[in-house]
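S.K.: Give me the fold of what follows.
(chains A and B)
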Amino acid sequence: MLFKNPTPSGWLTEGLLVAVILMAAATLFALRITQLEMNNSAAPNQHHDLWHATNITLELHNLARVARQASTANDPQDAIDELAVRFEVLRSMLSPSELSPQTPQTLIQLLPNAQQTFNTITERLDTWSYRLENSANPLQVAAEVAAQTDNLAESMRHVVLAVHIASTNAQDQNRITHHQRFAMLNWILLALLVGISVLVVKLIKDRQVMKRLSAHLESLNKRLEFRVSRRTRQLAESKALLMFILDASPSEAALVNAESGDVLFINKTLLDKLGLNTAPDRLFLKDLLVDTHKGEVFVDELEQYGRVDNWEAQVMPHKPYWSSLSAKLVEIEGKLAHLLWGFDVSEHRKLLDLLETQANTDSLTQLYNRRAFYKFGEQVLDGCKRYDHPCSVLMIDIDHFKKINDTYGHAVGDEAICSLSRTLRETLREADIIGRMGGEEFAVLLPHTDREQMLESAERLRQAVAERPVQSAAGEVPMSISIGAAVFGAHHSTTLEQMLVAADDALYRAKTAGRNRVEI
Amino acid sequence: MQTRSIIGCIGVITILTLLTSMLASATETPLPVRSKTLLTLHWTDAQGAASKTRLTLQDLDNLPQTTRTLELPESLGMKGRHSWQGVSMSELIKLSGRSAESVRVVALNGYYASVPFDDLNNYDPLVAYRRDGKTLSIREKGPIILIYPFNKFKVLNQQTYINRSVWQINEIHIE
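M.R.: Residues are numbered from 1 along each chain as shown, chains lettered A, B, ... in the order given. Have a look, this model is predicted:
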């Protein structure tokens, strides 16, 4: 949004970069020019050719004056000495080292006429000098010098003029060079100024953009921070709520690391069941189950299928109870964890057991009822068949029960039935199955019992009943029973029902035969 | 390669030295006689009368000597590092018994320069008449040269002091 057209901006930046590089190069160039100028001006190096030429001319005039004075002097020797000194002074002015103190070539040396003139003067001087020293008449030499120096001075005048022109030309050439250099420096500096101005403008613009960006960023940050804090608060609240719900739940709940067993969460209910006040550091699901093997199976199944639903198992080895367990394999922060839900089903279990007992039991006698007799009788009969054992069945009926009921009342009838049940229990073995088939009729299944044993048991039973009258409020009431028996070898593929029918037939015979007896 | 070029250089230098010495001997002028006047000192005495004193080589030698070894600026035209021996300008002025505001140094070739008194205090210029132990002929810019200590003061490296470095001195005026 802030960069509406990024392409021109990028182009501008690259252009500026090139400009900066060019500016740096220009600066280097300018620096080099400045250095050269600096080196040139490091030491005083004035050309004094003009002064020099003029000085030679003046000295020639001086020489002429001294020479003329010598010819008329009172003390010729002093005048001659003075003349010799003038020769030396002039000669020193003409020596090459004097003409070119710094550079091998000076303006004078570049002028052929000047050079010619100097050579002439030098030759003359050397000649005069030699003659002045060796001649017998030095005054004559002085006169000669006086006569000739004017001509030499005249030729020096031309030299002075030529040097003046050459020198001014050279100075002007120097000026032009300087002017050019400074002009170039001027342009370079101007270019640098322009470049710097553009850069400054660009910097200011960039800064403005940056300011806008940072303000935008700041507002974004604030919004984000607000959102994050709100989200964090929401998360914390929802987590707290979840924890509250889980803690308040009547179910046991726990979340533990699958490998290390580190407890990530455990609720109050489970802690109570574990008998702990604070959460343990580690908890393994398999240790919760009473049956260790079952615990391992539980965990295996959980890891294989990712979840286990409604496993009923006894939990808490220290204080076992039945629980319906559900578990799920979840991933918490990149690590596998076990989420466990347990629901106490012991009450439910108890109720089920009670219901089953009630369904199988005759409420008056606490013996098996008809349904239960058939159910357990079939099982026992199957066991006998499997092991090739004989098996017997007794059908028992109280004699004249209707009469007892009518004479003494139903309470005594019920007591008679209860008495018989007690006798049956006391007389028969634990393994024998006793059932009240309805009214005053009972059935007994004697497993592993052959004919002889059965008859013996039946007789003993009959006698026991006969010997024990029913105790009632109206006194002792005598009671007897008739027994119909049936026995079958193991090889007979007989059902319980068939056996009972056979025993019932025998019971009928016993009744007709006079009661209180055993028929087979 | 380098050794050979160095040997070559040494050879050339030797030949050049020989040539110069031969030339010098051919054009040698008679050295100043010890009794001859080398320098004339002019001043105005307390009564306002002009006074002067002539100093010979002997006289100069009797004054306190100073030696300075340095290289003069190129534009003076005396190349190379030399040992300059002479008398400090301040010592020389003492001969007059006058205090000076400035000193006018006059050369044989008609050149002269004024040396302000501050220069004497600040730089103590040397009135030198021996170079490397030898007196100087007029052709060698002798007999006397004013030597500023260019090697000690950077500020001396300007035309003003080059102009004051007078050679072929034969007169000094205390003013």
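S.K.: where in the chain is pLDDT low?
M.R.: By default, I'm working from chain A. The model of chain A has pLDDT under 70 over residues A:1-9, A:45-47, A:96-109, A:489-492.
S.K.: not what I meant, chain B
M.R.: Across chain B, the ranges flagged by pLDDT under 70 are B:1-35.
S.K.: Where does it get nearest to chain A, residue-wise?
M.R.: Relative to chain A, the nearest point of chain B is B:Gly77 (3.2 Å; CB to the nearest CB). Backbone N, C-alpha and C define where each C-beta goes, glycine included.
S.K.: What does that residue show for phi and psi?
M.R.: Dihedral angles of B:Gly77 (phi, psi; degrees, to the nearest 10) stand at phi 70, psi 20.
S.K.: and if you look at B:Val166?
M.R.: Torsion angles at B:Val166 (phi, psi; degrees, to the nearest 10) stand at phi -80, psi 140.
S.K.: got a list of what it touches?
M.R.: The neighbours of B:Val166, taking CB atoms under 8 Å, 6 or more residues apart in numbering or on different chains as the test, are B:Val105, B:Val106, B:Ala107, B:Tyr111, B:Tyr112, B:Ala113, B:Ile145, B:Leu146.
S.K.: Give the partner strands of the helix or strand where the second one lies in its sheet and their orientations.
M.R.: Read it as B:Val106. Taking DSSP states H and E as the criterion, B:Val106 maps to strand B:102-107. Strand pairing for strand B:102-107, using DSSP bridges, gives strand B:112-116 (antiparallel), strand B:169-174 (antiparallel).
S.K.: Which residue ranges make up the domains of chain B?
M.R.: As given by automatic domain parsing, the domain ranges for chain B are B:1-30, B:34-174.
S.K.: would a markdown table of these with distance to A:Leu340 be doable?
M.R.: Shown next, in a markdown table, are those (distance: least, CB to CB, whole Å):
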| stretch | distance to A:Leu340 |
| --- | --- |
| domain B:1-30 | 95 |
| domain B:34-174 | 95 |
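S.K.: now, of those, which is deepest in the fold?
M.R.: When you average the neighbours per residue for each of the domains of chain B (mean count of other CB atoms under 10 Å in any protein chain shown), domain B:34-174 leads with a mean of 17.
S.K.: Show me the helices in chain B, by range?
M.R.: For chain B, the helices defined by DSSP state H cover B:2-27, B:57-62, B:89-94, B:117-122, B:159-164.
S.K.: outside of the third one, which residues touch it?
M.R.: Applying CB under 8 Å, 6+ apart, the contact partners of helix B:89-94 are B:41, B:63-64, B:66, B:100, B:103, B:115, B:120, B:124-127, B:146, B:172, B:174.
S.K.: thinking again about what came up before, got a markdown table for the strands paired with strand B:102-107, with distance to A:Asp432 too?
M.R.: Shown next, in a markdown table, are the strands paired with strand B:102-107 (distance: least, CB to CB, whole Å):
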| stretch | distance to A:Asp432 |
| --- | --- |
| strand B:112-116 | 157 |
| strand B:169-174 | 165 |
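S.K.: who wins for proximity to A:Lys385 among those?
M.R.: If you check each of the strands paired with strand B:102-107 against A:Lys385 by CB to CB, strand B:112-116 wins as the nearest, at 154.6 Å.
S.K.: before we move on, back to that, can you check which of the strands paired with strand B:102-107 gets nearest to A:Ala191?
M.R.: For A:Ala191, the closest of these is strand B:112-116, at 46.9 Å, according to CB to CB.
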